[in-house]
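Participant: sequence-free structure coming up:
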């Protein structure tokens, strides 16, 4: 086993098997730090809402500021890692992440907490691209699919682990302990990367695509802002209309600039590759569902079922028990039905789980919730590993940095849009579904009920027996909001299934001999 990092300027890194396993373990640790931090705060939202007097919109931003920064910066920072060294950027990202997490543990306002989450997202964007590109650079082609499957399963397992750890912390400490723990794990990650991770980078990087970096940062950020602000302020307000216009313009400019630039950040032409585009769609929708659900579903467990934070986290463990083995089994399924067949099956299971969840009521209890969750978990396991393999397998070894960045970008864009979309629909449906006449309450109390379910239940608790009807109304309004939110994402999932099915029928071309595929295309 190597005892020090091996520096190379090539696309691959030669290590013995034991060293490769150590590198995979370190990369999975770094990845789980990033994904755990995307989910860990969802359990703490009721506590944060009460402590900082945060509205539902502010809570949405506290969660989504991290994913928006990660989604917008993962491509340019992945490209930076390809140029200066993936290990170096990953190490610096761990330090930035840890510093921001420790700072967040001491803030006293929602604005400061949102800013800290943005900086944590910056650190995560420096960490995440280097994990997959290092794995694909270290493992030979015949072992790469299995290593990617391990990496992908750790991405999903990290989300569950983050919730378990935060649930345990919240039983004995305040929500601030989540950030302290995140800072400590980031410190351990930095040390592990320094000791074990090899250095790798692109041998011939071109000119950095500054314009492309600006466009890829603006497009998801503006879209998420529009989704969140539209629900809170109205869809026709000037700032929302302007944000939507910026999102469309930035997306269009990315395509135009990418087609005219010699070395684009992410070449739009790559989406002409069947497996690259299919994998991107599958991963975007998967993470849209996953993190949008975490944002709303965990509050269902805490506010409607009345579970404590640890029990709420434990209630989601069955998902990990389904996702991980399903991810590991996807290579077998791909050999039997093909990549596209597995993706469509996974998305169909996701949509089925969401539709089942939309039928729940405040009196449904845990078991029906668990059933819908397991259906969705099977879909998550199928789409995650095969989507990642489709993207990385569609590009040659020297472009694995691009493949890694594209893989990460699709995940984080999906996550940020999912949180914003479900949060926006939930907030609108919640407020419109309240039936209690709030005029009899003091202005501040009535405003708290309208602002968020946690505020509504807090006011109902203060009213004592007189608040029983209000508490039930808040829970019913919560269920209406959750139903609308999951249906909205189910519709997006159904559209993705149609896209993949149409692509399967129109993109297949007869080939007379092996090797006639387009460059970088994975034959089915």
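Facilitator: Everything's here; your move. Please read all numbers here as calculations on a predicted model, not as lab measurements.
Participant: so which elements touch the host helix or strand of residue 332?
Facilitator: Using DSSP states H and E, residue 332 sits within helix 317-337. Helices and strands touching helix 317-337, by 3 or more CB pairs under 8 Å, 6 or more residues apart in numbering; DSSP states H and E, are helix 141-172, helix 339-358, helix 366-393. C-beta coordinates here come from the backbone N, C-alpha and C atoms, glycine included.
Participant: just checking, what packs against the shortest one?
Facilitator: For helix 339-358, the contact count by 3+ CB pairs under 8 Å, 6+ apart identifies helix 274-299, helix 317-337, helix 366-393, helix 468-506 as packing neighbours.
Participant: how big is the angle separating it from helix 274-299?
Facilitator: 20 degrees (axes from the mean of the first three to the mean of the last three CA atoms, to 10 degrees).
Participant: likewise the last one?
Facilitator: Using the same axes, to 10 degrees, the direction of helix 366-393 lies 150 degrees away from that of helix 274-299.
Participant: ok, and which of the helices and strands packed on helix 339-358 has the densest surroundings?
Facilitator: Per residue and on average, the most neighbours among these fall to helix 274-299, with a mean of 27 (mean count of other CB atoms under 10 Å).
Participant: show me what that helix is packed against.
Facilitator: By 3+ CB pairs under 8 Å, 6+ apart, helix 274-299 packs against helix 17-39, helix 45-52, helix 56-84, helix 141-172, helix 339-358, helix 366-393, helix 400-433, helix 468-506.
Participant: coming back round to it: and residue 18, which of the helices and strands packed on helix 317-337 is closest to it?
Facilitator: helix 141-172 (13.5 Å; CB to CB).
Participant: I'd assumed residue 292 was in contact with residue 418.
Facilitator: Yes. With contacts counted by CB atoms under 8 Å, residue 418 reaches residue 292, the gap being 3.2 Å.
Participant: which residues do the two both contact?
Facilitator: residue 489 (CB atoms under 8 Å, 6 or more residues apart in numbering).
Participant: how far away is the residue nearest to the spatial centre of the chain from residue 129?
Facilitator: In the chain, the residue lying closest to the centroid (CA atoms, centre = their mean) is residue 415, at 3.5 Å. Per CB to CB, to the nearest Å, residue 415 is found 15 Å from residue 129.
Participant: ok, back up a step: any chance of the helices and strands packed on helix 317-337 in JSON lines with distance to residue 303 and mean pLDDT as columns?
Facilitator: Shown next, in JSON lines, are the helices and strands packed on helix 317-337 (distance: least, CB to CB, whole Å; pLDDT from 0 to 100):
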{"stretch": "helix 141-172", "distance to residue 303": "14", "mean pLDDT": "81"}
{"stretch": "helix 339-358", "distance to residue 303": "16", "mean pLDDT": "88"}
{"stretch": "helix 366-393", "distance to residue 303": "13", "mean pLDDT": "85"}
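Participant: and these: which comes nearest residue 23?
Facilitator: Of the helices and strands packed on helix 317-337, nearest to residue 23 by CB to CB is helix 141-172, at 9.5 Å.
Participant: same for that closest one, what does it pack against?
Facilitator: Here helix 141-172 touches helix 17-39, helix 110-138, helix 176-196, helix 274-299, helix 309-314, helix 317-337, helix 366-393, going by 3+ CB pairs under 8 Å, 6+ apart.
Participant: compile the helices and strands packed on helix 317-337 into JSON lines and extend it with columns for distance to residue 111.
Facilitator: Converted to JSON lines, the helices and strands packed on helix 317-337 look like this (distance: least, CB to CB, whole Å):
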{"stretch": "helix 141-172", "distance to residue 111": "22"}
{"stretch": "helix 339-358", "distance to residue 111": "33"}
{"stretch": "helix 366-393", "distance to residue 111": "34"}
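Participant: which one of those helices lies closest to residue 468?
Facilitator: helix 366-393 (22.3 Å).
Participant: does residue 209 touch residue 265 like I think?
Facilitator: Yes. Using CB under 8 Å, residue 209 makes contact with residue 265 at a distance of 4.1 Å.
Participant: quick check: neighbours shared by those two?
Facilitator: Joint contacts of residue 209 and residue 265 (CB under 8 Å, 6+ apart) are 79, 258.
Participant: okay, and for the chain, where does confidence drop off?
Facilitator: 1-16, 156, 202-206, 397-402, 404-405, 503-524 (pLDDT under 70).
Participant: contacting residues around the residue located most distally from the centre of it?
Facilitator: Computed with CA atoms, centre = their mean, the maximum C-alpha offset from the centroid of the chain is found at residue 440, amounting to 41.6 Å. If you count contacts by CB under 8 Å, 6+ apart, residue 440 has none.
Participant: again with residue 51
Facilitator: 174, 175.
Participant: let's verify residue 108: helix, strand, or coil?
Facilitator: Recorded secondary structure, residue 108: coil (DSSP: H, G, I helix; E, B strand; the rest coil).
Participant: which residue is the nearest non-sequential neighbour of it?
Facilitator: residue 52 (7.6 Å; CB to CB, 6 or more residues apart in numbering).
Participant: kindly report the same for residue 96.
Facilitator: residue 123 is the one closest to residue 96 (CB to CB, 6+ apart), at 3.6 Å.
Participant: number of residues surrounding that neighbour?
Facilitator: 28 (other CB atoms under 10 Å).
Participant: do you know how far it is from residue 131?
Facilitator: 13 Å.
Participant: and for residue 380?
Facilitator: For residue 380, the distance to residue 131 - CB to CB - is 19 Å.
Participant: try residue 340
Facilitator: Taken as CB to CB, the span from residue 340 to residue 131 is 26 Å.
Participant: now do residue 486
Facilitator: 30 Å.
Participant: again, but for residue 345
Facilitator: 27 Å.
Participant: the two - which one has more neighbours?
Facilitator: The neighbour comparison of residue 345 against residue 131 (other CB under 10 Å) goes to residue 131, with 29 against 18.
Participant: that older thread, neighbours around the residue nearest to residue 108, how many?
Facilitator: Around residue 52 there are 19 residues (other CB under 10 Å).
Participant: contacting residues around it?
Facilitator: Contacts of residue 52 by CB under 8 Å, 6+ apart are 58, 108, 109, 110, 113.
Participant: any idea how this structure splits into domains?
Facilitator: 17-197+263-506, 209-262 (automatic domain parsing).
Participant: return the most buried member of these.
Facilitator: domain 17-197+263-506 (a mean of 22).
Participant: quick one: distance of that domain to the chain centre.
Facilitator: 4 Å (CA atoms, centre = their mean, to the nearest Å).
Participant: so residue 63 makes contact with residue 40?
Facilitator: No. Taking contacts as CB under 8 Å, residue 63 lies outside contact range of residue 40: 10.0 Å.
Participant: I figured residue 79 hits residue 264, correct?
Facilitator: No. Here residue 79 does not reach residue 264: they are 9.7 Å apart, not a contact under CB under 8 Å.
Participant: mutual contacts of the two, please.
Facilitator: residue 209.
Participant: residues in contact with the nearest residue to residue 467 once chain neighbours are set aside?
Facilitator: Once flanking residues are discounted, residue 467 sits nearest to residue 460: 3.5 Å by CB to CB, 6+ apart. By CB under 8 Å, 6+ apart, residue 460 lies in contact with 467, 468, 470, 471, 474.
Participant: got a list of what the residue nearest to residue 158 when sequence neighbours are not counted touches?
Facilitator: Among residues not flanking residue 158 along the chain, residue 32 sits closest, at 3.3 Å (CB to CB, 6+ apart). By CB under 8 Å, 6+ apart, the contact list for residue 32 reads 154, 155, 157, 158, 161, 162.
Participant: cool, and residue 249?
Facilitator: Contacts of residue 249 by CB under 8 Å, 6+ apart: none found.
Participant: residue 290 now?
Facilitator: Residue 290 touches 156, 159, 380, 415, 418, counting by CB under 8 Å, 6+ apart.
Participant: please repeat the previous calculation with a cut-off of 7 Å.
Facilitator: 159, 380 (CB atoms under 7 Å, 6 or more residues apart in numbering).
Participant: would you quantify the distance from the residue nearest to residue 158 to residue 338?
Facilitator: From residue 32 to residue 338 the distance is 30 Å (CB to CB).
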